[in-house]
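# okay, sequence plus prediction incoming.
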Amino acid sequence: MSKEFACSIKRIRFDENYHPANSTRLTTNFANLARGEFRQENLRKTLNMMTNRFNALAHCDNPTADRYSIEVDIISFDLDVAGDGNTFPVIEMLKSTIVDHKTNQRIDGMIGNSFSSYVRDYDFSVVLPEHRNKKLASEAPEQFGDLHGKLFQYVLNTEAYTANFNKAPVICLSVSTTKTYQRTANVHPVLGVEYKQDDYSLTDEYFHKMGLQVRYFMPENAVAPLAFYFNGDLTRDYTDLELISAISTMETFQKIYRPEIYNANAVAGQVYQASLNYEDYSLTRIDYDRVERGQLAVKQGKWTEENFIKPYQEILEQWTASYTVQNHAVLKDIAA
């Protein structure tokens, strides 16, 4: 039987006064924006973009496009794997809350949205480059992502998660720049036009080990599809407002971080491949340091190796070998 880890949750509001916690990955979208001379202006503009996009999509009974606003909390899941009281920030996600100014209600938005993980930095910035430097035939090591995938599923099955959140998370990311996506005839009233591809990316396979499947949708008035990773039924398990909260939150970050794709001046066609070399796009007036982000990913991966992987290697290896999610029972209950 696998060892039980202690899981705890921390919350911090993402607003114009947000300062990244010491345990937060500085490469994550929300942390990158909260640094430097223009940090408050960055944060204010980012939240305004989210709210404006939300109102544009939630247009029913919203003639002046100002009925709703979005609030965002950063949720950190910390694990004590050795039982010694020392915790490691294993996962961060975002939780949105929708404020309906017409009814004065506060409505749960999506849990998930962005996804931040030190162990993922270790996998993609340390393990994967070392594997590829050996010029082996396989794209990734055989057990690539096994530990991370099981840690993610473990967190979602803890009492700390189920006591605070009544649905499984939906994580929304950019589509791959190495894969081709084909527009389909399927159109969802909120998620928009669905795209499909025959060949999954390494990121798709990595998230599959987390127990998540993926679908690609381009929402109304968007210019490129987004990748939605979920457990259960994406189109049935979540309300329209929950889906809109995920789109408005993550499309905003993507416009800032990857404007070549998500703030392009041309809409994705019938056959689409994203490119960071595309030159016809508009910049948001929000300061974002992509070069530093890439440099920090390597530093954070090595920090994870020294502070989590190596010190607890024996515990983590034994746990990974023995841990199984019993038919994802808790996740199914959450999504039901």
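Cool, the structure landed. Note that the structure is a prediction, hence the values are computed from the model and not measured. Numbering: from 1, shown residues only.
# use CA for all of it now, contacts and neighbours both
Noted.
# ends of stretch 146-166, how far apart?
Using Cα to Cα, to the nearest Å, the end-to-end distance of stretch 146-166 comes to 26 Å.
# can you tell me what sits against that stretch?
With contact meaning Cα atoms under 8 Å, 6 or more residues apart in numbering, stretch 146-166 is reached by 7-9, 77, 90-91, 111, 119-120, 168, 206-211, 316, 320, 323-325, 328, 330-331, 334-335.
# for Arg236, give me its contacts.
No contacts exist for Arg236 under Cα under 8 Å, 6+ apart.
# am I right that it is in a strand?
No. Counting by DSSP: H, G, I helix; E, B strand; the rest coil, Arg236 falls outside a strand, being coil.
# distance of it from Leu243?
For Arg236 relative to Leu243 (Cα to Cα), the value is 10 Å.
# with Val267 instead?
Val267 is 21 Å from Leu243, by Cα to Cα.
# for the two, indicate the residue with more neighbours.
Leu243 (22 against 16; other Cα atoms under 10 Å).
# looks like that one contacts Pro189 (just checking).
No. Applying Cα atoms under 8 Å as the test, Leu243 and Pro189 come out as separate, 10.5 Å apart.
# where along the stretch 1-150 of the chain do the helices fall?
For the stretch 1-150 of the chain, applying DSSP state H, counting those that start in this stretch gives helices covering 29-33, 39-57, 118-122, 128-133, 146-156.
# could you say which of those helices is packed most deeply?
helix 118-122 (a mean of 24; mean count of other Cα atoms under 10 Å).
# contacts for that one?
Outside helix 118-122, the residues that reach it (Cα under 8 Å, 6+ apart) are 25, 89-91, 145, 148, 297-298, 300-302, 304-305.
# for stretch 245-263, list the C-alpha coordinates in CSV.
Taking Å, rounded to 0.1, in the frame of the first residue of the first chain, the C-alpha atoms of stretch 245-263 are listed here in CSV:
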residue,chain,number,x,y,z
SER,A,245,-14.3,32.1,-16.6
ALA,A,246,-11.6,29.7,-17.8
ILE,A,247,-11.6,31.2,-21.4
SER,A,248,-11.4,34.8,-20.2
THR,A,249,-8.7,34.1,-17.7
MET,A,250,-6.4,32.0,-19.8
GLU,A,251,-6.9,33.7,-23.2
THR,A,252,-5.8,36.9,-21.4
PHE,A,253,-2.6,35.3,-20.2
GLN,A,254,-2.0,33.8,-23.6
LYS,A,255,-2.5,37.1,-25.4
ILE,A,256,0.2,38.6,-23.1
TYR,A,257,2.6,35.6,-23.2
ARG,A,258,2.1,34.4,-26.8
PRO,A,259,0.7,37.3,-28.8
GLU,A,260,2.1,35.7,-32.1
ILE,A,261,-0.6,33.0,-31.6
TYR,A,262,-3.4,34.5,-29.5
ASN,A,263,-3.2,38.2,-30.5
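# what's the mean pLDDT across that stretch?
Taken as a whole, stretch 245-263 has an average pLDDT of 94.
# tally of neighbours for Asp84?
Residues near Asp84, counting by other Cα under 10 Å: 8.
# please read the previous query as pertaining to Glu220.
Other residues close to Glu220 by other Cα under 10 Å number 15.
# go on, the one 4 residues further on?
Residues within reach of Ala224, counting by other Cα under 10 Å, total 25.
# try Ala168
25.
# and what about Arg215, helix, strand or coil?
Quick answer, by three-state DSSP: Arg215 is strand.
# how confident is the prediction for the residue nearest to it when sequence neighbours are not counted, by pLDDT?
Distances taken as Cα to Cα, 6 or more residues apart in numbering place Phe228 nearest to Arg215, at 5.4 Å, with adjacent residues excluded. The score at Phe228 is 98. That number is its pLDDT.
# swap in the one 5 residues further on?
With respect to pLDDT, Asp233 has a value of 96.
# ok but it is inside a helix, no?
No. Counting by three-state DSSP, Asp233 is located in no helix; its state is coil.
# got the contact list for Glu4?
Glu4 neighbours (Cα under 8 Å, 6+ apart): Val81.
# and the contacts of stretch 146-166, which of them are in strands?
Using DSSP state E, 7-9, 77, 90-91, 111 are the members of the contacts of stretch 146-166 that sit in strands.
# turn those residues into JSON lines, including distance to Val223, pLDDT and neighbour count.
Listed next are the ones in strands among the contacts of stretch 146-166 as JSON lines, based on distance: Cα to Cα, whole Å; pLDDT from 0 to 100; neighbours: other Cα atoms under 10 Å:
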{"residue": "Cys7", "distance to Val223": "39", "pLDDT": "95", "neighbour count": "20"}
{"residue": "Ser8", "distance to Val223": "39", "pLDDT": "95", "neighbour count": "17"}
{"residue": "Ile9", "distance to Val223": "36", "pLDDT": "95", "neighbour count": "15"}
{"residue": "Phe77", "distance to Val223": "33", "pLDDT": "95", "neighbour count": "23"}
{"residue": "Val90", "distance to Val223": "33", "pLDDT": "93", "neighbour count": "24"}
{"residue": "Ile91", "distance to Val223": "30", "pLDDT": "93", "neighbour count": "23"}
{"residue": "Ile111", "distance to Val223": "24", "pLDDT": "96", "neighbour count": "25"}
